[in-house]
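Engineer: I would like the atomic coordinates for the input below:
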Amino acid sequence: MNTWICLICGWVYDEAAGLPEEGIAPGTKWEDVPPNWVCPECGARKEDFEMTQV
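Structural biologist: Numbers count the residues shown, from 1 in each chain. Below is the predicted model:
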């Protein structure tokens, strides 16, 4: 499992945790997050995220 950070606001998506409140189950890989999904903090698109180590 990886984490992805928003390059605009710094919000982190953790594949292990998912985002259940937005319908993204724990364990959902980044590539399986819907293409039209946006950052819940700033509205950035998936293209504005980068894989990171935490």
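Engineer: which stretches of the chain have low pLDDT?
Structural biologist: 54 (pLDDT under 70).
Engineer: the strands in it, which residues?
Structural biologist: 3-6, 12-14, 49-52 (DSSP state E).
Engineer: spatially central, which residue of the chain would that be?
Structural biologist: residue 13 (3.5 Å; Cα atoms, centre = their mean).
Engineer: count the residues that sit near residue 21.
Structural biologist: Residue 21 has 7 neighbours, counted by other Cβ atoms under 10 Å. C-betas here are computed from N, CA, C, even on glycine.
Engineer: thinking again about what came up before, give me the beta-bridge partners of the residue nearest to the centre of the chain?
Structural biologist: Counting by DSSP bridges, residue 13 forms beta bridges with residue 4.
Engineer: which ones are touching the nearest residue to residue 25 once chain neighbours are set aside?
Structural biologist: Of all residues not flanking residue 25 in the chain, residue 18 sits nearest, at 5.0 Å (Cβ to Cβ, 6 or more residues apart in numbering). Taking Cβ atoms under 8 Å, 6 or more residues apart in numbering, we find residue 18 in contact with 24, 25, 26, 27, 28.
Engineer: try 10 Å
Structural biologist: 1, 24, 25, 26, 27, 28, 29, 32, 33 (Cβ atoms under 10 Å, 6 or more residues apart in numbering).
Engineer: out of the strands of the chain, which one sits most buried?
Structural biologist: strand 3-6 (a mean of 18; mean count of other Cβ atoms under 10 Å).
Engineer: please name the spatially closest residue to residue 17 (chain neighbours excluded).
Structural biologist: residue 26 (5.7 Å).
Engineer: close enough to count as contact, the one you found and residue 13?
Structural biologist: No. Look at residue 26 against residue 13 with Cβ atoms under 10 Å: they stay out of range, at 11.7 Å.
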